[in-house]
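Student: Pasted the sequence and its predicted model underneath.
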Amino acid sequence: MSAFSAALFSRLQAAEFYSALHQQAVELLPRGEGRTWLDVGCGPGLVARCAAAHGYRARGVDTDPAMVRRATANARRMGAATQFAVQDLAGAAAGEKADVVSAASLLAVLDDRHNALAMLLACVNPGGTLLIVEPSARMTLRAAQTLRARRPLGRGAWFLYLWAATREPARAVDLQEVNIAGLKKWRHELLDGLVHAWLLRPEAGFRPHGASR
């Protein structure tokens with residue numbers, strides 16, 4: 001992506017409704033108390049900054065250097081103690097694990113979700129949690145219009161229309177359909193159900209399929 005795309009995504013993340021729902025997703029986890037958090041596909045860095053504000057030692061990775069530069073600049077400007085690096089999912093899975101791993105609006109754009117989910121789980125420390133945040137199948141332009149008519153969404157509300165218009169309901173991520181032994185999962189509805197936050201917690205001895213020992 002270009003620097004223009006990174007700037008556009010940064011404006012989306014600054015929209016009040018968008019930043020608020022991701023803050024709510026992060027706050028589904030207990031305060032960090034210095035534990036580690038890795039945000040995969042971090043974009044301009046919103047989730048990592050929210051995690052840092054929630055007491056985690058947070059870092060984010062993205063395959064796009066322009067996104068990483070924007071995330072670094074945003075964190076510096078906002079005084080957030082976060083670090084960012086260029087890295088793909090396979091590199092993250094092979095690297096240092098974290099107590100919480102997050103991926104927001106990532107699985108929906110990947111073709112091999114099963115493998116991606118396995119690699120994300122491979123990033124999680126024993127006893128840790130994977131947080132997945134994705135638009136639900138209910139995220140449509142009509143639903144976005146109905147929501148905005150029902151209640152104010154604050155600065156940048158028009159970005160909800162753009163978000164909804166660029167989503168394909170048929171590609172919505174439904175982890176309820178994922179049946180993996182040794183994996184506990186919980187779903188939370190955000191933005192009146194237009195977005196789902198999933199908490200996935202591997203039980204003791206869990207090993208993601210395809211992960212190295």
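Tutor: Good, I have the coordinates. Residues are numbered from 1 along each chain as shown.

Student: CA atoms for contacts and neighbours, from now on please.
Tutor: Noted.

Student: what does stretch 23-30 rub up against?
Tutor: 47, 50-51, 54, 133, 190, 197 (C-alpha atoms under 8 Å, 6 or more residues apart in numbering).

Student: Now do the residue lying closest to L141 once chain neighbours are set aside against Q87, distance only.
Tutor: Nearest non-adjacent residue to L141, counting by C-alpha to C-alpha, 6 or more residues apart in numbering: A164, 5.1 Å away. Separation of A164 from Q87 (C-alpha to C-alpha, to the nearest Å): 28 Å.

Student: same question, G127
Tutor: 24 Å.

Student: quick one: which of those two has more around it?
Tutor: Applying other C-alpha atoms under 10 Å to G127 and Q87 shows that Q87 carries more neighbours, namely 18 against 13.

Student: how about the top strand by length along the chain: buried residues?
Tutor: Ordering each strand of the chain by length in residues (DSSP state E) puts strand 124-135 first. Residues 124-126, 128-135 are the ones in strand 124-135 that count as buried (16 or more other C-alpha atoms under 10 Å).

Student: element containing R31?
Tutor: Secondary structure assignment for R31, by DSSP states H and E: no helix or strand.

Student: From A104, how far off is H196?
Tutor: For H196, the distance to A104 - C-alpha to C-alpha - is 10 Å.

Student: Please apply the same query to K184.
Tutor: Distance from K184 to A104, by C-alpha to C-alpha: 19 Å.

Student: Contacts for the longest helix seen in the chain, please.
Tutor: Using DSSP state H to define each element, the chain has its longest helix at helix 65-78. If you take C-alpha under 8 Å, 6+ apart as the criterion, helix 65-78 is touched by 1-3, 6-7, 10, 42-46, 49, 61-62, 81-86.

Student: which one is F17 nearest to, not counting chain neighbours?
Tutor: L153 (5.5 Å).

Student: which residues touch the closest residue to G182 other than its chain neighbours?
Tutor: In space, and not counting its chain neighbours, G182 is closest to E203: 5.2 Å by C-alpha to C-alpha, 6+ apart. Applying C-alpha under 8 Å, 6+ apart to E203 gives the contacts 127, 182-184.

Student: circling back to that earlier point, wait, the residue nearest to F17 sits on Y18?
Tutor: No: L153 is beyond contact range of Y18, at 9.1 Å (criterion: C-alpha atoms under 8 Å).

Student: Test of understanding: give the bridge partners of the residue positioned nearest the centre of the chain.
Tutor: With distances taken as C-alpha atoms, centre = their mean, A104 lies nearest the centre of the chain, 2.0 Å away. Beta-bridge pairing of A104, defined through DSSP bridges, involves V133.

Student: Let me see the contact set for it.
Tutor: 40-42, 132-134.

Student: And it, how far from L46?
Tutor: In terms of C-alpha to C-alpha, A104 sits 10 Å off from L46.

Student: Okay, helices next: where are they in the chain?
Tutor: 3-14, 16-26, 46-53, 65-78, 89-94, 113-122, 141-150, 159-165.
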